[in-house]
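In: Would you be able to build a 3D model of this:
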Amino acid sequence: MKLKIATVKIARAVDGYSINELKIPGIVLMENAALKVVKNIDLKKCDSFCVICTKGNNGGDGFAVARHLYNLNKTVRVFLVGKESGMSEDCSINYNILKNLKINLDVVDSEEGLVKLKECIKESDITIDALFGTGISRNILGIQDSVITLINKYGNYIISVDIPSGLNGDTGNVMGNCVRANRTVTFQFYKMGFLKYGNDEFTGEVIVEDIGIPNLAVEKFAGSEFIIDEDFVKAKLKIRNKIGHKGDFGRVLVIAGSKGFTGAAYICTQGAVRSGAGLVTLGCYKDIQPILSEKLVEGMTIDLEENLKLQKAIEKSDAIAIGPGMGINNNTLNLVKKVVTTFTKTVVIDADGINVLSGNLHILKDKKCNVILTPHLGEMSRITGLGIEYIRENRIKVAKDFAKEYNIIILLKGYNTVITDGNSVAINPTGNSAMASGGMGDCLTGIIASFSAQKQQPFEAACVAAFVHGYAGEELSKDMYCVNASHVLNRLPFSIKKLIE
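Out: The predicted model follows:
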């Protein structure tokens, strides 16, 4: 099953349906959640715990976690922030169990309580944040604000239950103050708020755990947003038939490069070659063709100005990549228009191929092919007229609206790359800042075209390519300070093989 992304409303609806309609007791889900938190603690290295709770269900999860740690003979001290009154029913059950077990319980509602909490946080191997869940809607003030400040200042290692306390589950905004967790163990869904730029500073490593909610409930309420994971990618990557030949793995035409920008053309072409396309041809201008013919061993080249050869190459291709390093000029615009309005399979448009669409978006309305557009924030700003900061804050909405309006696929690059066809939305979690260097986008464009030529559906080709590209970079970054596009090109066949197996 796909790893779904959920808003607070969806998560609540799924919980409510599971409890009220399917009759799964809430205390059972709470117990499952607690067990999954404990599962994600290194119990061999950690012996002392400070568990901080409030009177809601998130606090109930925390009380249950404390009980399991106590049963494992760990040193556990529990703090209730605020009063017992108004405690939810399931939370109260777990709270009372702790009292019956005579586990150390302190109430934090005064300066004296804060002093005790500070000392416990400093002395504990791990602080468990079980203060507030996804439903927080107003800024944290007073003693709760002070508690979060102490956790952040003195915590040796912080685990947040479901969501870091103080983070809005939908927008990802900090509600006055927010726990900065080393790890967040969240339940059933990846929360929408985690996707906001920079929120890994608060979530740390995010682990999504299944707490026993049936797929029936998830599918009834969850939307079409999901996180791409290895299972999804493995299902789409094909094991090669032993009698297959180059014609079975697709023909890619790359149209790229100009004087001074031969690297973009080379990287894009090699991206297609190294990710398994059967035959790859680069169409480039005559003045750079000798350079690229010498560099490309497996890829062929043609002169873009030889119209007959270009037309034949277009007709024979299964996928076309166009734009990297071409320059913003009429030649680029005319070539994009020619390809989009005459080709009938999949076209991947990147870089200057996107830039020339600014003011010429009618070309997309006249298309005869599947179009995958791969902008970064700046390019998305140029073609939409929206500010970069607005796009950054509303990436899913902007990408989804644009894709739907023009009936195309948008791959909006950046941390947690957004891929959408206007209906489904996929988030790619792979890749990191070690890959932040020129040529990475050109490489990705070649990979998308390659997978498209290998008969993957356009949306799936974009998803799988983004994952594989980032996965290769992550593997390399384990041993490298910075990872360049040429490193990723060399790694690609090995990463793909590893994922398949």
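In: List the contacts of residue 150.
Out: Residues in contact with residue 150, defined by C-beta atoms under 8 Å, 6 or more residues apart in numbering, are 114, 117, 118, 121. For glycine as for every other residue, the C-beta is placed from the backbone atoms N, C-alpha and C.
In: could you dump those residues to CSV with secondary structure, distance to residue 206 and neighbour count?
Out: Listed next are the contacts of residue 150 as CSV, based on DSSP: H, G, I helix; E, B strand; the rest coil; distance: C-beta to C-beta, whole Å; neighbours: other C-beta atoms under 10 Å:
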residue, secondary structure, distance to residue 206, neighbour count
114, helix, 29, 18
117, helix, 26, 23
118, helix, 27, 18
121, helix, 22, 23
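In: Could you dump those residues into CSV and include pLDDT and distance to residue 324?
Out: Shown next, in CSV, are those (pLDDT from 0 to 100; distance: C-beta to C-beta, whole Å):
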residue, pLDDT, distance to residue 324
114, 97, 57
117, 98, 55
118, 98, 55
121, 98, 51
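In: for the protein, which spans come out with low pLDDT?
Out: Applying pLDDT under 70 to the chain flags residues 1.
In: if we go to 90?
Out: In the prediction, the chain carries residues with pLDDT under 90 at positions 1-2, 83-86, 88, 104, 133-138, 197-198, 223, 238-248, 501.
In: most centrally placed residue in it?
Out: residue 429 (3.1 Å; C-alpha atoms, centre = their mean).
In: Can you pull the phi/psi pair for that residue?
Out: As for residue 429, its main-chain torsions (degrees, to the nearest 10) stand at phi -90, psi -10.
In: before we move on, what about residue 371?
Out: Dihedral pair for residue 371: phi -120, psi 130, per degrees, to the nearest 10.
In: For it, which non-adjacent residue is closest in space?
Out: Once flanking residues are discounted, residue 371 sits nearest to residue 408: 4.2 Å by C-beta to C-beta, 6 or more residues apart in numbering.
In: burial count for the one you found?
Out: Residue 408 has 22 neighbours, counted by other C-beta atoms under 10 Å.
In: From residue 480, how far off is the spatially closest residue to the residue nearest to the centre of the chain that is not a sequence neighbour?
Out: For residue 429, ignoring the flanking residues on the chain, the nearest one in space by C-beta to C-beta, 6+ apart is residue 227 at 5.8 Å. Residue 227 is 26 Å from residue 480, where distance means C-beta to C-beta, to the nearest Å.
In: for the helix or strand harbouring residue 217, which positions count as buried?
Out: Of the helices and strands defined by DSSP states H and E, residue 217 is found in helix 215-221. Residues of helix 215-221 classed as buried by neighbour count (16 or more other C-beta atoms under 10 Å): 217, 218, 221.
In: Enumerate every residue touching the last one.
Out: Pointing back at residue 221 there. Applying C-beta under 8 Å, 6+ apart, one finds that residue 221 lies in contact with 10, 13, 14, 17.
In: Need phi/psi at the second one.
Out: In this entry, residue 13 is assigned phi and psi values of phi -60, psi -40 (degrees, to the nearest 10).
In: ok, it - how many residues close by?
Out: Residue 13: 16 neighbours (other C-beta under 10 Å).
In: is it true that residue 443 lies in a strand?
Out: No - assigned with DSSP: H, G, I helix; E, B strand; the rest coil, residue 443 falls outside any strand and is helix.
In: who does whichever helix in the chain runs longest touch, helix- and strand-wise?
Out: In terms of residue count, the longest helix belonging to the chain (DSSP state H) is helix 458-477. Counting by 3 or more C-beta pairs under 8 Å, 6 or more residues apart in numbering; DSSP states H and E, the packing neighbours recorded for helix 458-477 are helix 230-236, strand 370-373, strand 409-412, strand 417-420, strand 425-428, helix 440-453, helix 485-500.
In: Tell me which other helices or strands the last one touches.
Out: Translated: helix 485-500. By 3+ C-beta pairs under 8 Å, 6+ apart, helix 485-500 packs against helix 230-236, helix 262-274, helix 440-453, helix 458-477.
In: related to what we said a few turns ago, could I get the contacts of residue 150 as CSV with distance to residue 22?
Out: Formatted as CSV, those follow (distance: C-beta to C-beta, whole Å):
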residue, distance to residue 22
114, 42
117, 38
118, 43
121, 39
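In: Thanks again, I'm all set now.
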